[in-house]
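Pasting the sequence and the predicted model now:
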Amino acid sequence: MTQSSRNLGALIGARICHDLISPVGAIANGLELMELAGVPDGPEMALVVGSAAHANARLQFFRVAFGLSSDAQSLSEREMRGIVSDVYTARIACDWAVNGPLPRRMAQAAFLAILCGEQAAPFGGTLQVTGGEDGLRLSVIGERLDPKPAHWARLTRPEAGDLDDLPAAQVQFALLPTVLAEMGRWAETSLVRPVTLSF
């Protein structure tokens, strides 16, 4: 993946997230106003409210994971913890145990790593992120983990597969090594339970 193609992809991702965050946020605000106006609560309303909140949280997450980033920008511990806790509320939990702020590029790598970890826990589990600016470690903890070796091989050997063979749902496995290379870092992985990814 060349730098120009990665930048183009990041710009496309940022544009999509930017354009969708406002209308999704407006839907959430509209639902709050409906509740204040006395619209009866029920399972239908709860489903719509929950779906709007989750969509907004995922867009915030994807904006960090797939948008443009630079070391001149940073994200606070509170902001990153808030984004992660809003996204991972159901069968997969995320324990964000990173102290302090991170440069935006490091935060991007962390969020891409979380997406990789999510794929290794199709039946649920906990994604634990520890460390700080000097280095991060993702541990995937669960009873029925199923990391796909071909996907995880891309993290340590980016040449391990052609992008044409990579499903869209696994794009994080191709993007993370590129982001790490830009920072002069590399990934170390272990597929033995718990599945781990460090950089």
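Received the coordinates, thanks.

Could you list the single helix or strand in the chain with the lowest mean pLDDT?
Sorted by mean pLDDT, DSSP states H and E, the helices and strands of the chain end with helix 3-36, the least confident at a mean of 70.

immediately after it, which helix or strand?
Following helix 3-36 in sequence order, the next helix or strand is helix 43-66 (DSSP states H and E).

Touching the helix or strand just after that following helix from outside, list them.
Using DSSP H and E, the helix or strand that follows helix 43-66 in sequence is strand 74-75. By C-beta atoms under 8 Å, 6 or more residues apart in numbering, the residues outside strand 74-75 that reach it are V64, P101, L102, P103, R104, A107. Glycine gets a C-beta too; all of them are placed from N, C-alpha and C.

For the residue nearest to K148 when sequence neighbours are not counted, give me its contacts.
In space, and not counting its chain neighbours, K148 is closest to Q119: 7.2 Å by C-beta to C-beta, 6 or more residues apart in numbering. Listed by C-beta under 8 Å, 6+ apart, the contact partners of Q119 are P147, K148, H151, A169, Q170, Q172.

Which members of these are the farthest-apart pair?
Spatial extent of the contacts of Q119 (C-beta to C-beta) is set by the pair P147 and A169 at 14.2 Å.

And the two? Which one has more around it.
P147 (21 against 11; other C-beta atoms under 10 Å).

And that one, how close does it get to R78?
31 Å (C-beta to C-beta, to the nearest Å).

V129 falls within a strand, correct?
Yes - assessed by DSSP: H, G, I helix; E, B strand; the rest coil, V129 belongs to a strand.

Thought L138 was touching it, still the case?
Yes - between V129 and L138 there is a contact under C-beta atoms under 8 Å: 5.5 Å.

on that earlier part again, turn the contacts of strand 74-75 into a markdown table, columns for secondary structure.
Converted to a markdown table, those look like this (three-state DSSP):
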| residue | secondary structure |
| --- | --- |
| V64 | helix |
| P101 | coil |
| L102 | strand |
| P103 | strand |
| R104 | helix |
| A107 | helix |
